[in-house]
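[1] Below: sequence and its predicted model.
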Amino acid sequence: MTTAAAATEDLLQPGHIVKERWKVTKKIGSGGFGEIYEGIDLVTKESVALKLESAKQPKQVLKMEVAVLKKLQGREHVCRFIGCGRNDRFNYVVMQLQAKKFSRTSACPTSRRLLTFHYATLGPANTQGY
């Protein structure tokens, strides 16, 4: 698949503004349950992450992710929930951007860093029954 063809399949493009508040700057990932974009909050001027799932996707999971994220607010290693919503094309959640901070955590090998991060992150979730 060409880059141009892949870009036309993206739910958003750089410059798109979601709910008159969050401006997409670039796509930073995608997977089986959606797409992740980096953006800027036009109100606070902070960098944010926007996670989207297509409204046409048969298995809708973002609603549950939002519920879990809200329940875990204030816990260590849990990103800050900023907002969420939906329209006819996609469902979305906006949260504190974590990737830049995580990439600078240490000089240890990637797999060890990931295991340490996931262990620390999933601990609070497990105590809440998830």
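    Cool, got the structure. In this text the structure is predicted, and so the values were computed from the model without any measurement.

[2] which strand is the longest one in the chain?
    strand 22-31 (DSSP state E).

[3] ok, and what's touching that one?
    For strand 22-31, contacts defined as CB atoms under 8 Å, 6 or more residues apart in numbering pick out 10, 12-18, 35-42, 48-50, 83, 94, 99. Where C-beta positions appear, they are placed from N, C-alpha and C, glycine not excepted.

[4] Could I have the buried ones of these as PyMOL selection syntax?
    Listed next is the PyMOL selection for buried residues among the contacts of strand 22-31, using 16 or more other CB atoms under 10 Å:
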select buried, resi 12+18+35+36+37+38+39+40+41+48+49+50+83+94
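
[5] partners of the longest strand of the chain in the sheet?
    strand 17-18 (antiparallel), strand 34-41 (antiparallel) (DSSP bridges).

[6] mind listing what's buried in it?
    22-25, 27.

[7] that older thread, turn the strands paired with strand 22-31 into TSV, including distance to Gln60 and mean pLDDT.
    Shown next, in TSV, are the strands paired with strand 22-31 (distance: least, CB to CB, whole Å; pLDDT from 0 to 100):
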stretch	distance to Gln60	mean pLDDT
strand 17-18	18	98
strand 34-41	10	96
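
[8] mind listing the strands for this protein?
    Under DSSP E, the chain gives strands at 17-18, 22-31, 34-41, 47-54, 81-86, 90-96.

[9] Turn these into CSV, including distance to Ala67.
    As requested, those are arranged in CSV below (distance: least, CB to CB, whole Å):
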stretch, distance to Ala67
strand 17-18, 20
strand 22-31, 20
strand 34-41, 16
strand 47-54, 14
strand 81-86, 10
strand 90-96, 10
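
[10] pLDDT below threshold where in this structure?
    1-8, 99-130 (pLDDT under 70).

[11] Apply 80 and report the result again.
    Scanning the chain for pLDDT under 80 picks out the ranges 1-8, 32-33, 99-130.

[12] about what we covered before: Throw the strands paired with strand 22-31 into CSV and include distance to Ser54, thanks.
    CSV is the format used below for these (distance: least, CB to CB, whole Å):
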stretch, distance to Ser54
strand 17-18, 14
strand 34-41, 7
